[in-house]
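Asker: okay, predicted coordinates and the sequence, questions at the end:
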Amino acid sequence: MTTELKVGLRSPELSVGTATAMKAVFVRDLKTALRQPQDLLNPLLFFVMVVTLFPLGVSPEVSFLQQAGSGILWVAALLSVLLSLDHLYRHDFDDGTLEQLVLQPQPLFLLVLAKSLAHWVLTGLPLVLLAPVLGIMVHLQGNSVAVLCLTLLIGTPVLSLIGSIGAALTLGLRSAGVLLSLLIIPLYIPVLIFGTGTVMAASEGAPVGGQLALMGAFLVLALTLAPFASAAALRISLSNS
Amino acid sequence: MWQIFHKLGSPKWFFGIASTLMPWLLWIGVALLAVGIGWGLAFAPQDYLQGNSYRIIFIHVPSAFLAQSVYMMMAVAGLVTLVWRMKLADVFVKAVAPVGAALTFLALFTGAVWGKPTWGTWWIWDARLTSMLILLFLYFGVMALGAAISDEKSSARAVAVLVLVGVVNIPIIKYSVEWWNTLHQPATFKLTEKPSMPAEMWMPLLLSLLGLYLIFGWLACLRMQTEILMREGRTRWVKELVQARGN
Amino acid sequence: MAFDSFGAFIVMEGHGPYVWTCYFVFFLLMGVLAWWSLRQRRAVIARHHRQIGSTPIRNNSPAGASFTRIEPSHD
C-alpha cells in the first residue's frame, strides 16, 4: 500500500516545512478514510442506534426525553468517538507508516495534532451535523438543540484529542479496545458534565456564555497539551512493540 | 551533589532505608491514628447539626485526603520517571497505586454511609463524591495499563504519561465543585484559613490524618521493598539478603 | 466523655450502625491490605530462596550434600 505522505528525508535541504507536513498528514488521513466510507458510517449509525435505545428501553414520553435528551445525545456521541478511536493509529501502525511518522524531522506533536484533527473531521463533525435531527427526535426545544450542537462542536474535538492519548498508550496491546475505554472515560467525564450542563442551563433559560467559554478553555487546553502526551505515548508504544 | 541523586536512585539503598524507617512509621502512625480516632469517637462533642454520625469524619477525611495526595505523589513520581528515568520512581507508582485505590474506595464508602443519616440517601451524585469516583477510575486505569504492558521500562513510562494526564484532570474536577450545588460539606481544611470546626473536633481529625499518612508511609515502604525484590532478584545483594533472612 | 455509658457509646443515638460499619470496613480493608502486602514480600523472598537453592538452615536438614533445584520459569 503506497503512502501518499510527502515528507522530507532527514537531510535538511530536502525536508519540508512543518505546516506543509501537518497539512500532508491531515489530507492523507482524510483521503485514506474516505476510501473506505464504511469506517465513517459505522460511528454515525452507532450514534443513532444508541440514541434510539433510550426511548425504547426507558420511555418514549416527551417529558422524559426532553429532560434526558441532551444527556442521551452526549453519551451516545462520546461512545461513538470512543469506538472510532481504534483506527486513529491502528492502520498506520499495522503497515509501518506510524514508525515513519515518528522518525520525521518535524515535531511529532504537531503531526499528531494534525491526525487528531483529521479524526475529528471524520468522526466528531458528522456527529455534530447529525445532532439536530436526533435532537428533534428526543423532543428537545429549538434553543436547546442549538446549544447542544454548539457544545458538541466544541466538545467533540476535545474527545478526539484526549482519545488520541489513550489510543497511543494502548497501541498494540491485547484487548486494547476495552483498556482504552477504561483509561479514557474518566478523562471524558468533565467534558460530558459541562456539555450536558450547558444544555440543561439553556433549556431553563439561564445564560450559557460562561459555560461555553469554559468548554472553549477545555478545547484550548486539549489542543495545547494533548498532542504532547500523545506523541510521548506513541514513542513509548513504538519502542515497546 | 550528583552522588545524592545516584544514591536516591539505588534500589539497594532504598531497601535499607525502608527497613530502618518502617517500624517507626508503623508504630507512631498506629499510635496517632488510635489516639485521634479514640478521641474523636468517645470524647469529641456531638455536632449540633449532624449528631453523632459526623464521627465518621475521622476516617473519611483522612482517607479522602490521602487518596488525593497519593495520586499527586504518583504524578511527581511519573514526572521523575519520564525526565530522570529513575527506577525507584516507577517502583513507587506500581507499589502505591493499589493503596491509593483502596483509600479512594474507603473515602467513597464512608462518604456514602455517612450520607444516609445526614441527607437520607445512600448515594448522591454531587460533584465531590462523583469526583472521588472518577479518581477511583483513574487509579484502576493506572493499575490496568501497568499490568497490560509487559516490558518494564515501557510500562513505567506509559503509566507515567497516564498519571500525568490524569493529574491535569484533578483541578478541573475540583473546579467542578464550585460550579455545582452540592450537599457535600465544603473542604474542612484549607491551608490558609482557619478551620470552621471547634478544636475538640479538628484536633483528633488532624491526629488521625497524620497517623494515616505515616501508616501509608509504612505500607509504601513495604510494598516498594517487595517490588524491588521482584525486580532485582538477580543481583548479588538481593541473593545475600534472601539467604541472610533464611526462610 | 461525650457519652453517658458504654451502651450509649455503641448506639450513638441511632447513628451507631453507620458509624461502626464505617470503622469496621476501614480497619478491615487496611488490615487486609497490610496483611496481603506482608505476605507478598514473604512470598517473593521465599521464591528467591528456592531459586538460589539453599536448604533451610535452621533445624532439621541433615549435614550433607544439597542439590540446586532450578525453578522453571512459570511466566
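Answerer: Okay, I see it.
Asker: avg pLDDT for whatever helix or strand residue B:17 lives in?
Answerer: Using DSSP states H and E, the element containing residue B:17 is helix B:11-38. Across helix B:11-38, pLDDT averages out at 93.
Asker: name the next helix or strand following that helix along the chain.
Answerer: Trace forward from helix B:11-38 with DSSP H and E and the next one is helix B:57-84.
Asker: wait, does that next one contact chain C?
Answerer: Yes - with CB under 8 Å from any CB of the partner chain as the criterion, chain C is reached by helix B:57-84 at B:59-60, B:63. C-beta here means a position set from N, CA and C on the backbone, and glycine is covered the same way.
Asker: surely residue A:70 touches residue A:199?
Answerer: Yes - between residue A:70 and residue A:199 a contact is recorded at 3.7 Å, counting by CB atoms under 8 Å.
Asker: overlap in contacts, those two.
Answerer: A:140, A:144, A:148 (CB atoms under 8 Å, 6 or more residues apart in numbering or on different chains).
Asker: quick check on the residues you listed: which are buried?
Answerer: A:140, A:144, A:148 (16 or more other CB atoms under 10 Å in any protein chain shown).
Asker: those in helices, which ones?
Answerer: If you go by DSSP state H, these have A:144, A:148 in helices.
Asker: the buried ones among the shared contacts of residue A:70 and residue A:199 also near chain B: which ones?
Answerer: Among those, no residue lies close to chain B (CB under 8 Å from any CB).
Asker: can I get the buried ones among the shared contacts of residue A:70 and residue A:199 in TSV including pLDDT?
Answerer: Putting those into TSV (pLDDT from 0 to 100) gives the following:
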residue	pLDDT
A:140	89
A:144	90
A:148	95
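Asker: of the buried ones among the shared contacts of residue A:70 and residue A:199, which is the nearest to residue A:204?
Answerer: Set against residue A:204, the nearest of those by CB to CB is residue A:144 (9.6 Å).
Asker: how near is the residue lying closest to the closest one once chain neighbours are set aside to residue A:121?
Answerer: Nearest residue to residue A:144 in three dimensions, chain neighbours excluded: residue A:203, at 4.5 Å (CB to CB, 6 or more residues apart in numbering or on different chains). Separation of residue A:203 from residue A:121 (CB to CB, to the nearest Å): 29 Å.
Asker: same drill for these two, tell me which one is more crowded.
Answerer: Taking other CB atoms under 10 Å in any protein chain shown, residue A:203 and residue A:121 do not tie; residue A:203 has more neighbours (20 against 16).
Asker: mind telling me what element the residue nearest to residue A:148 when sequence neighbours are not counted is part of?
Answerer: Using CB to CB, 6+ apart and skipping the chain neighbours, the partner closest in space to residue A:148 is residue A:199 (4.9 Å). In the assignment (DSSP H and E), residue A:199 maps to helix A:176-203.
Asker: report all helices and strands that the helix or strand just after that helix contacts.
Answerer: Going down the chain from helix A:176-203, the next helix or strand is helix A:209-240, by DSSP H and E. Contacts defined by 3 or more CB pairs under 8 Å, 6 or more residues apart in numbering or on different chains; DSSP states H and E place helix A:209-240 against helix A:97-103, helix A:108-122, helix A:142-169, helix A:176-203, helix B:152-179.
Asker: how confident was the prediction at residue 31?
Answerer: With no chain named, the answer covers chain A. Looking at residue A:31, its pLDDT reads 91.
Asker: if you could check chain C rather than the one you did, that'd help
Answerer: Here, the pLDDT recorded for residue C:31 equals 96.
Asker: one step back: now render the helices and strands packed on helix A:209-240 as a markdown table, adding distance to residue A:219.
Answerer: Shown next, in a markdown table, are the helices and strands packed on helix A:209-240 (distance: least, CB to CB, whole Å):
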| stretch | distance to residue A:219 |
| --- | --- |
| helix A:97-103 | 24 |
| helix A:108-122 | 11 |
| helix A:142-169 | 5 |
| helix A:176-203 | 9 |
| helix B:152-179 | 13 |
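Asker: ranking those helices by burial, who's on top?
Answerer: When those are scored by mean count of other CB atoms under 10 Å in any protein chain shown, the highest mean neighbour count falls to helix A:142-169 (a mean of 25).
Asker: and the angle from it to helix A:209-240?
Answerer: If you take axes from the mean of the first three to the mean of the last three CA atoms, to 10 degrees, helix A:142-169 sits at 20 degrees to helix A:209-240.
Asker: which other helices and strands contact helix A:142-169?
Answerer: Secondary-structure packing of helix A:142-169 (3+ CB pairs under 8 Å, 6+ apart): helix A:62-84, helix A:86-95, helix A:108-122, helix A:124-137, helix A:176-203, helix A:209-240, helix B:152-179.
Asker: nearest to residue C:26, of those?
Answerer: helix B:152-179 (23.5 Å).
Asker: what's the first helix or strand after that closest one?
Answerer: For helix B:152-179, the succeeding helix or strand toward the C-terminus, using DSSP H and E, is helix B:199-231.
Asker: could you check the pLDDT of the residue nearest the centre of chain C?
Answerer: Centroid-nearest residue in chain C: residue C:35, 2.1 Å away (criterion: CA atoms, centre = their mean). Confidence at residue C:35, expressed as pLDDT, is 96.
Asker: kindly report the same for the one 3 residues further on.
Answerer: In this model, residue C:38 is scored at 95, pLDDT.
Asker: that one and residue B:221 touch, don't they?
Answerer: No - here residue C:38 does not reach residue B:221: they are 11.8 Å apart, not a contact under CB under 8 Å.
Asker: more neighbours, these two?
Answerer: residue B:221 (21 against 14).
Asker: ok, for the more buried one, nearest residue in space, not its chain neighbours?
Answerer: residue B:18 (3.9 Å).
Asker: residues in contact with that neighbour?
Answerer: B:221-222, B:224-225.
Asker: any idea how far residue B:165 is from the residue lying closest to residue B:235 once chain neighbours are set aside?
Answerer: Using CB to CB, 6+ apart and skipping the chain neighbours, the partner closest in space to residue B:235 is residue B:12 (7.6 Å). As judged by CB to CB, residue B:12 and residue B:165 stand 32 Å apart.
Asker: kindly report the same for residue B:227.
Answerer: Using CB to CB, one obtains 23 Å as the distance from residue B:227 to residue B:165.
Asker: how many residues are close by residue 216?
Answerer: If you meant another chain, say so; for now it's chain A. Residue A:216 has 12 neighbours, counted by other CB under 10 Å.
Asker: oops, chain B please
Answerer: 22.
Asker: list the contacts of it.
Answerer: By CB under 8 Å, 6+ apart, the contact set of residue B:216 is B:29, B:66, B:70, B:99, B:103.
Asker: buried only: go through those residues for me.
Answerer: Buried residues within the contacts of residue B:216, counting neighbours by 16+ other CB under 10 Å: B:29, B:66, B:70, B:99, B:103.
Asker: ok, for the second one, nearest residue in space, not its chain neighbours?
Answerer: Going back to what we said before, that points to residue B:66. Going by CB to CB, 6+ apart, residue B:66 has residue B:103 as its nearest residue, at 5.1 Å.
Asker: elements contacting the helix or strand hosting the one you found?
Answerer: Assessed by DSSP H and E, residue B:103 sits inside helix B:87-119. In terms of contacts (3+ CB pairs under 8 Å, 6+ apart), helix B:87-119 is packed against helix B:11-38, helix B:57-84, helix B:127-148, helix B:152-179, helix B:199-231, helix C:16-52.
Asker: redo those as JSON lines? Include distance to residue A:106.
Answerer: What follows is the helices and strands packed on helix B:87-119, written out as JSON lines (distance: least, CB to CB, whole Å):
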{"stretch": "helix B:11-38", "distance to residue A:106": "39"}
{"stretch": "helix B:57-84", "distance to residue A:106": "22"}
{"stretch": "helix B:127-148", "distance to residue A:106": "28"}
{"stretch": "helix B:152-179", "distance to residue A:106": "21"}
{"stretch": "helix B:199-231", "distance to residue A:106": "37"}
{"stretch": "helix C:16-52", "distance to residue A:106": "46"}
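Asker: least reliable of the ones you listed by average pLDDT, please.
Answerer: Per-stretch mean pLDDT for those is lowest at helix B:152-179 (a mean of 84).
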